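In: sequence and computational prediction follow.
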Amino acid sequence: MRQGISITVDAAARARLILLTADGVGTSGIERQTGKDKTCVWRWQERFIREGVDGLLRDKTRRPGKPPLATTVIDVALTAMTGQGTSQARATLRSSPK
């Protein structure tokens, strides 16, 4: 059995992107060959320049989106939508077919 480095499919795709860059393929050519959009190509090229191979091997954590709504806002919305108290409205929504 062969011993070696195990990498993810994502890391392999990122490495391919960098190798295409090294071969002189332009951004639009890389987009066509990899199926990635231009901002993705630029992001990984920049990350490789800053961090080298290590930067390609890990996913960067992303900033969270909008903060969750406060429960009071949810309660008011449920009451307004259903005309029921909050606990009744939640039970109704949970039991309704999707």
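Out: Sure, I can see it. Numbers count the residues shown, from 1 in each chain.
In: burial of the spatially closest residue to residue 53 that is not a sequence neighbour, as a residue count?
Out: With sequence-adjacent residues excluded and distances taken as CB to CB, 6 or more residues apart in numbering, residue 53 is closest to residue 15, at 7.9 Å. Every C-beta, even on glycine, is put in place using the N, C-alpha and C of the backbone. Other residues within reach of residue 15, judged by other CB atoms under 10 Å, total 16.
In: so how far is residue 44 from residue 15?
Out: According to CB to CB, to the nearest Å, residue 15 and residue 44 sit 9 Å apart.
In: need the residues touching each of those two.
Out: With CB atoms under 8 Å, 6 or more residues apart in numbering applied, the overlap between the contact sets of residue 15 and residue 44 consists of residue 56.
In: isn't the residue nearest to residue 53 right up against residue 56?
Out: Yes - assessed by CB atoms under 8 Å, residue 15 is found in contact with residue 56 at 5.9 Å.
In: just the endpoints, please. Distance across stretch 48-67?
Out: By CA to CA, to the nearest Å, the extent of stretch 48-67 from end to end equals 31 Å.
In: other SSEs contacting the helix or strand hosting residue 11?
Out: With secondary structure defined by DSSP states H and E, residue 11 is part of helix 9-22. Identification of packing neighbours for helix 9-22 by 3 or more CB pairs under 8 Å, 6 or more residues apart in numbering; DSSP states H and E yields helix 27-34, helix 38-51, helix 53-57.
In: quick one: low-confidence parts of the chain?
Out: Using pLDDT under 70 as the threshold, the predicted model of the chain has low-confidence ranges 1-5, 60-64, 66, 68-69, 78, 81-82, 84-98.
In: tell me how many other residues crowd residue 41.
Out: Residue 41 is flanked by 21 other residues according to other CB under 10 Å.
In: residue 14 too?
Out: As a burial measure, residue 14 scores 25 neighbours (other CB under 10 Å).
In: who's in contact with the closest residue to residue 16 other than its chain neighbours?
Out: The shortest distance from residue 16 to any residue other than its chain neighbours is 6.5 Å, reached at residue 34 (CB to CB, 6+ apart). Residue 34 is in contact with 13, 16, 17, 20, 41, counting by CB under 8 Å, 6+ apart.
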